[in-house]
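**Q** I would like the atomic coordinates for the input below:
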Amino acid sequence: MSRINVLHVRVIANAGGGPDKTILRSERYIDSQKFNLQAAYIYPAGTDCLEQLQQSYCSKMEIFGIPENNGFSLKTIKNLIQICRDNHIHIWHSHDYKTDILGLIIKRFHPMKLVTTVHGFTCENMKTRFYAWLNKQVYRYYDHVICVNEQLRELCLSKRSNGSNTTYIPNGIDTKEYLCISDLAKPKKNQLNIGVVSRFSAEKGVERSLLCLRRLLDNGIDAKLHLAGDGPEKENLKKIARELDIESNIVWRGWLNDLQAFHTSLDLLLIPSYTEGFPNAILEALLLKTPVAATNVGAIPEILDGECGLLLDNNDAPQTWADQIKTIYHAGLFSEYVQRAYEKVTSKYTFQKRCHRVANVYETVLT
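**A** Okay, the predicted model is just below:
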């Protein structure tokens with residue numbers, strides 16, 4: 001075998017998210033003499049999702065776009081079989097419910113190894129709960145399962161007999177991309193600028209940031225909330241903002257290509273999620289020395305560990321979070337967090353380390 005051909009496969013419904021940063025920036029750090037990475041993206045027909053994705057990440061990786069009109073399309077399956085055959089794919093690397101299942105189907109027509117990365121589960125309704133259940137049944141047929149936090153690994157191990165083929169590999173960040181601006185001075189302001197970077201969906205808990213803002217304002221903190229993202233909960237969030245009378249203190253930023261500028265404009269990044277895998281937004285903020293307050297879910301406790309950021313109890317009311325933020329903000333303790341966090345991210349969560357671990361997985365499944 002010359003180079004190992006790997007096809008990353010994922011479904012997107014907008015400009016992409018954290019997993020896409022991981023996928024499309026991998027080619028910069030993996031050994032190109034050993035591996036040839038490509039990506040296939042399934043996206044809603046008639047949208048510009050794929051174009052937005054390519055503009056956002058400027059990757060040199062070859063990307064195959066597959067527009068789709070419904071759930072499981074026979075045309076999508078045929079296209080993926082053809083892509084795998086034409087490009088002599090050795091490893092199928094899926095990243096979500098649908099592509100995990102598609103991998104099993106495609107393998108019947110094109111022999112290859114199956115690897116998946118489990119980024120997390122959403123269970124906000126019957127449909128997603130069913131997909132999550134079905135997905136977990138699929139893992140036992142995969143050659144290797146990569147999990148982005150230890151809790152996910154333990155969950156996946158309950159569905160697999162071979163623990164050695166289920167590994168925890170944390171996400172990483174492209175430090176070269178951020179180090180050149182990480183020492184920029186934060187603009188001096190009398191206002192507490194809090195940011196949320198998220199898809200506006202139920203599991204992300206964005207409505208809790210609105211309640212937190214209301215409490216801060218009630219406590220005399222001049223605060224503004226910057227919401228970067230979009231999604232199905234947007235109109236409901238706007239309704240809550242009106243009811244709380246905080247509309248003038250919210251800036252709706254939409255999807256942003258330049259998150260570096262966004263992070264450096266903040267005094268605090270807030271992650272109010274009910275559930276998470278391994279949020280890249282934390283690494284980005286910490287590398288830019290922006291303080292972080294986040295719920296204690298997924299890999300977040302490992303990253304922040306109470307020494308590198310403010311851990312918020314997922315079961316506490318957002319008003320309690322606001323009181324904690326106020327205390328630390330007035331005491332000036334956020335500056336102590338960021339230096340420790342910066343050192344931790346640059347030593348432990350680099351893209352180079354992540355890609356080295358993933359490359360070892362690829363070589364192992366082919367031996």
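**Q** what about the closest residue in space to Tyr131 that isn't next to it in sequence, distance to Ile81?
**A** Distances taken as Cβ to Cβ, 6 or more residues apart in numbering place Tyr97 nearest to Tyr131, at 4.4 Å, with adjacent residues excluded. Where C-beta positions appear, they are placed from N, C-alpha and C, glycine not excepted. Look at Tyr97 and Ile81: by Cβ to Cβ, to the nearest Å, they are 20 Å apart.
**Q** so which of these two has more stuff around it?
**A** In this view Tyr97 and Ile81 are compared by other Cβ atoms under 10 Å, and Tyr97 has more residues nearby, 20 against 16.
**Q** that one contacts Gln137, correct?
**A** No: using Cβ atoms under 8 Å, Tyr97 makes no contact with Gln137, being 11.1 Å away.
**Q** which residues are common contacts for the two?
**A** Common neighbours of Tyr97 and Gln137, counting by Cβ atoms under 8 Å, 6 or more residues apart in numbering, are absent.
**Q** domain map for this structure?
**A** Split into domains by the TED database, the chain comes to 4-172+350-366, 176-349.
**Q** columns mean pLDDT on top of these, output as TSV?
**A** Output for the domains of the chain, formatted as TSV (pLDDT from 0 to 100):
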stretch	mean pLDDT
domain 4-172+350-366	88
domain 176-349	90
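**Q** mind listing the strands for this protein?
**A** Counting by DSSP state E, the chain has strands at residues 4-11, 35-44, 62-68, 91-94, 113-118, 144-147, 166-168, 192-197, 223-228, 250-252, 268-271, 292-295, 310-312.
**Q** could I get those strands as a markdown table with mean neighbour count and distance to Ala281?
**A** Below are the strands of the chain laid out as a markdown table (neighbours: other Cβ atoms under 10 Å; distance: least, Cβ to Cβ, whole Å):
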| stretch | mean neighbour count | distance to Ala281 |
| --- | --- | --- |
| strand 4-11 | 23 | 18 |
| strand 35-44 | 22 | 21 |
| strand 62-68 | 17 | 23 |
| strand 91-94 | 26 | 23 |
| strand 113-118 | 23 | 18 |
| strand 144-147 | 24 | 19 |
| strand 166-168 | 20 | 20 |
| strand 192-197 | 23 | 5 |
| strand 223-228 | 22 | 9 |
| strand 250-252 | 15 | 17 |
| strand 268-271 | 25 | 7 |
| strand 292-295 | 25 | 9 |
| strand 310-312 | 22 | 15 |
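**Q** those strands: which one's closest to Tyr329?
**A** strand 192-197 (6.3 Å; Cβ to Cβ).
**Q** identify the residues contacting that closest one?
**A** Identification of contacts with strand 192-197 by Cβ under 8 Å, 6+ apart yields 206, 209, 212-213, 216, 221-229, 256, 259, 262-263, 265-272, 281, 325, 329.
**Q** swap the cut-off to 6 Å and go again
**A** The contact list for strand 192-197, computed with Cβ atoms under 6 Å, 6 or more residues apart in numbering, reads 209, 221, 223-228, 266-270, 281.
**Q** OK, contacts around Ile300?
**A** Contact analysis of Ile300 by Cβ under 6 Å, 6+ apart lists Ala294.
**Q** nope, Gly71 is what I was after
**A** So Gly71 contacts nothing (Cβ under 6 Å, 6+ apart).
**Q** need the distance between the two termini of stretch 269-276.
**A** Terminal residues of stretch 269-276 are spaced 15 Å apart (Cα to Cα, to the nearest Å).
**Q** actually stretch 217-235, not the one I wrote
**A** So stretch 217-235: terminal residues 22 Å apart, Cα to Cα.
**Q** measure Leu155 to Asn70 for me?
**A** 30 Å.
**Q** who does the closest residue to Ser265 other than its chain neighbours form a beta bridge with?
**A** Among residues not flanking Ser265 along the chain, Asn193 sits closest, at 6.5 Å (Cβ to Cβ, 6+ apart). With DSSP bridges as the criterion, Asn193 is bridged to Lys224.
**Q** just give the closest residue to Val292, not the sequence neighbours.
**A** Nearest non-adjacent residue to Val292 (Cβ to Cβ, 6+ apart): Gly309, at 4.0 Å.
**Q** could you do Ala359 as well?
**A** Ile30 (5.7 Å).
**Q** over to the one you found: give its phi and psi.
**A** phi -90, psi 150 (degrees, to the nearest 10).
**Q** what is the neighbour count of it?
**A** By the criterion of other Cβ under 10 Å, Ile30 has 22 neighbours.
**Q** ok, Arg153 next?
**A** When neighbours are defined as other Cβ under 10 Å, Arg153 has 18 of them.
**Q** now it: how far from Arg357?
**A** For Arg153, the distance to Arg357 - Cβ to Cβ - is 13 Å.
**Q** check Ala228 too.
**A** 30 Å.
**Q** and for Tyr337?
**A** Separation of Tyr337 from Arg357 (Cβ to Cβ) stands at 27 Å.
**Q** cool, and Leu312?
**A** With Cβ to Cβ as the criterion, Leu312 and Arg357 are 29 Å apart.
**Q** what of Ile91?
**A** To Arg357, Ile91 is 15 Å away according to Cβ to Cβ.
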